[in-house]
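# quick one, fold the following:
(2 chains)
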Amino acid sequence: AQSVSQHNHHVILSEAASLELGCNYSYGGTVNLFWYVQYPGQHLQLLLKYFSGDPLVKGIKGFEAEFIKSKFSFNLRKPSVQWSDTAEYFCAVNAAYGNKLVFGAGTILRVKS
Amino acid sequence: EPEVTQTPSHQVTQMGQEVILRCVPISNHLYFYWYRQILGQKVEFLVSFYNNEISEKSEIFDDQFSVERPDGSNFTLKIRSTKLEDSAMYFCASSATSAPEQFFGPGTRLTVL
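As a prediction, the model looks like this:
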């Protein structure tokens, strides 16, 4: 069965600090990878996605993620966070043949201004 | 930008009662999903629906649950006899045929007393 692990449940950063959120998945086949973000009081929004091709993908709001197949990882990065990045971030995977998303537990990011 | 909408935003019910959660997916999408998130836990897949039938369901989605697309726009989740442990946030999502990325609604918070 597929599973997704997110390394940190809570992260606190100061504005302008760099961010890296870890995500590892377990599944032996071809996968599609996603990061979703949930701002306070809002619904899940797609931040970025990886299907194939260049393993470094860029998403909205300056976020990027790198797929490292050998490590089964899809870490999220941002060089300089802003207070408005305060949110919960979810890594998710689906198998290329299927539709269901398997989510990690989420990482709550708080950015101090 | 088209969005997935869900009603109601919050539903309170007594144990044993039936509830129907409603979703309006994005209009040209053909795949529909329900997920739930119990407080403090991961977002979990419940069911996917395509071409008027269930395409995949999880172990959680037992005989107490059913889904329906009663008309061309709505997608519903029915829980026949609610239990305390059904208390959760329920998210509807939809996706287009050619892309596995899913777009989520704002969720319905179900509280079973």
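# then stretch A:68-82 to CSV, C-alphas only?
Taking C-alpha atoms only, stretch A:68-82 is exported to CSV below (Å, rounded to 0.1, in the frame of the first residue of the first chain):
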residue,chain,number,x,y,z
ILE,A,68,14.5,12.3,-6.3
LYS,A,69,13.4,8.9,-7.5
SER,A,70,16.2,7.0,-5.8
LYS,A,71,15.2,8.5,-2.5
PHE,A,72,11.5,8.3,-3.0
SER,A,73,11.4,11.9,-2.0
PHE,A,74,9.6,15.1,-3.2
ASN,A,75,10.8,17.9,-0.9
LEU,A,76,9.3,21.3,-1.0
ARG,A,77,11.5,24.4,-1.0
LYS,A,78,11.2,28.2,-1.0
PRO,A,79,14.3,30.4,-0.7
SER,A,80,12.7,33.2,1.3
VAL,A,81,9.4,32.7,3.1
GLN,A,82,6.9,35.5,3.8
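# what about it, distance to the chain center?
Between the centre of stretch A:68-82 and the centre of its chain there are 7 Å (Cα atoms, centre = their mean, to the nearest Å).
# pLDDT (mean, whole number) over it?
The average pLDDT within stretch A:68-82 is 96.
# how about it: buried residues?
Neighbour counts over stretch A:68-82 (16 or more other Cβ atoms under 10 Å in any protein chain shown) mark A:Phe72, A:Ser73, A:Phe74, A:Asn75, A:Leu76, A:Lys78, A:Val81 as buried. To be clear about C-beta, it is placed using only N, CA and C from the backbone, and glycine gets the same treatment.
# just stretch A:81-98 next, same as before
Neighbour-count burial for stretch A:81-98 flags A:81, A:85-95, A:98 (criterion: 16+ other Cβ under 10 Å).
# just give me the closest of those to chain B.
A:Asn94 (5.8 Å; Cβ to the nearest Cβ).
# wait, doesn't that closest one sit right on A:Leu101?
Yes - if you go by Cβ atoms under 8 Å, A:Asn94 and A:Leu101 touch, sitting 5.1 Å apart.
# shared neighbours, the two?
A:Phe34 (Cβ atoms under 8 Å, 6 or more residues apart in numbering or on different chains).
# if we can go back for a sec, which single one of the buried residues of stretch A:68-82 is nearest to A:Leu44?
Checking the buried residues of stretch A:68-82 against A:Leu44 with Cβ to Cβ, the nearest one is A:Leu76 at 14.7 Å.
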